[in-house]
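> What follows is a protein structure lacking sequence information:
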């Protein structure tokens, strides 16, 4: 990694819902699937579902989108399974 580049916590482009858990997994270099499973368990089971959902929604609002130069904007218009030439 370049010295001038700071590591920043951002939402992942590989999103399931809003990219929060994917972004956390990318930041810490963890497996995304396990991070999402553990995150869902932590939201559902600590006893206060409302608090877990509130924290997730706040993270989804506060975390910046990833500035990925490899992500093409026109890919967002492609429906899964559609082919383009």
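Perfect, thanks for sending it. What you see is a predicted model, and the numbers here were worked out from it, not measured in a lab.
> Need the phi and psi values for the residue nearest the centre of the chain.
The centre of the chain sits closest to residue 19, judged by Cα atoms, centre = their mean, with a distance of 2.1 Å. Backbone torsions of residue 19, given as degrees, to the nearest 10, read phi 90, psi 10.
> again with the one 5 residues further on
Dihedral angles phi and psi of residue 24 (degrees, to the nearest 10) take the values phi -60, psi -40.
> right, and it touches residue 30 too?
Yes. Taking contacts as Cβ atoms under 8 Å, residue 24 lies within contact range of residue 30: 7.5 Å. Quick note: C-beta positions are derived from backbone N, CA and C, even for glycine.
> residues in contact with the residue nearest to the centre of the chain?
Contacts for residue 19 (Cβ atoms under 8 Å, 6 or more residues apart in numbering) come out as 11, 12, 13, 60, 63, 65, 66.
> pLDDT value on it, please?
Looking at residue 19, its pLDDT is 91.
> Equivalent analysis for residue 81, please.
At residue 81, pLDDT is 62.
> Tell me who's in contact with residue 8.
For residue 8, counting by Cβ under 8 Å, 6+ apart, the contacting residues are 27, 64.
> and stretch 21-31, which residues are buried?
21, 22, 23, 24, 25, 26 (16 or more other Cβ atoms under 10 Å).
> so where's this protein shaky on pLDDT?
For the chain, residues meeting the criterion pLDDT under 70 lie at 1-5, 68-85.
> all helices in it, in order from the N-terminus.
20-28, 32-44, 49-62 (DSSP state H).
> Can you lay out those helices as TSV showing distance to residue 6?
Listed next are the helices of the chain as TSV, based on distance: least, Cβ to Cβ, whole Å:
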stretch	distance to residue 6
helix 20-28	12
helix 32-44	21
helix 49-62	18
